[in-house]
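> build me a model:
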Amino acid sequence: MRPRWLVVGSVLSAALALVALPGLAGSRVPSAAEPVPAGAFQPYLVPASDARTALSMAGLDLAARSVGRVAPADMFVEPGVDAKVAPEARAVVDQPDGSRQSERKPEKYKLTGKATFYDNGTTAMRLPRGTVIIVCAKGGCLERVVTDYGPQKPERIIDMYRPDFFKICGCPSWSGVIDVTVYVY
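This next block holds a predicted model:
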C-alpha cells in the first residue's frame, strides 16, 4: 500500500510544480532597459547675464500683499485677477442680533446625582449610545454625547472623561465625586 501513496504524492507534486512555475508556462526573461532616443530631448538655451547688472523685481500684487492680515475695508483679490475687476467692498452678511440671550431647546428630562471621572476618554451613562446630554455642575456646563455604558455603581449617574470633569466641577484637582444635573435631549 505504501508504494501506491508514494506514486500519487509524486504525481500531485509534479502537477503542482507545472502550475506554480511560470518558467514552464512560457514566460520570458525581463528585457534590458531601452535607452531614450536622443530626439526626445530638446535644446534649452540659458542666456548668460552680465554679473554687474542689478536684478530688479516688481512689487507684490494685491493678493500677495494681503497675506496674513485682513481689515474690514480690505477686498479679496484672487491671484491672476485684475484688481479693477474685483468688487469694490466686501459683501455685508445678515447676522442675527447677538444682544438677546440664547435659549436651549427643552430637554426630554433631567437627572440629578453624582458624577465621577475616569481616563477612558468617553462619557458613560445608563442611556443609549448617541444620546445628547448637557452636564452642569458648579463650574459650568458641557454638551456631550453618550459613548459608553456605565457607571457600575448605582449611586452615580455619569462617568466623565477627566478633562471634562474638571472643566465643570469648579473643585480642586483631588476631588473625585461631584453633584451634577444632566439634561437629556
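> residues near Thr122, how many?
Look at Thr122: counted by other CB atoms under 10 Å, it has 18 neighbours. Quick note: C-beta positions are derived from backbone N, CA and C, even for glycine.
> show me the shaky parts of this structure.
Flagging of the chain using pLDDT under 70 yields the residue ranges 1-5, 18-30, 47-70, 74-77, 81-91, 96, 98-102.
> does Pro128 touch Val146 like I think?
Yes. When contacts are counted by CB atoms under 8 Å, Pro128 is listed as touching Val146 (7.1 Å).
> more crowded one of those two?
Between Pro128 and Val146, counted using other CB under 10 Å, Val146 has the larger neighbour count: 21 against 8.
> does the more buried one touch Gly130 like I think?
Yes. Counting by CB under 8 Å, Val146 does reach Gly130; the two are 6.7 Å apart.
> Leu142 pairs with what?
Leu142 forms beta bridges with Val135, as assigned by DSSP bridges.
> show residues contacting the top strand by length along the chain.
Ranked by residue count under DSSP state E, the longest strand found in the chain is strand 109-118. With contacts defined as CB atoms under 8 Å, 6 or more residues apart in numbering, strand 109-118 is touched by 124, 135, 137, 151, 155-162, 164-166, 176-184.
> which of those residues fall in helices?
The helices in this structure, assigned by DSSP state H, contain Arg162, Asp164, Phe165, Phe166 from these.
> show me which of these are buried.
Asp164, Phe165, Phe166 (16 or more other CB atoms under 10 Å).
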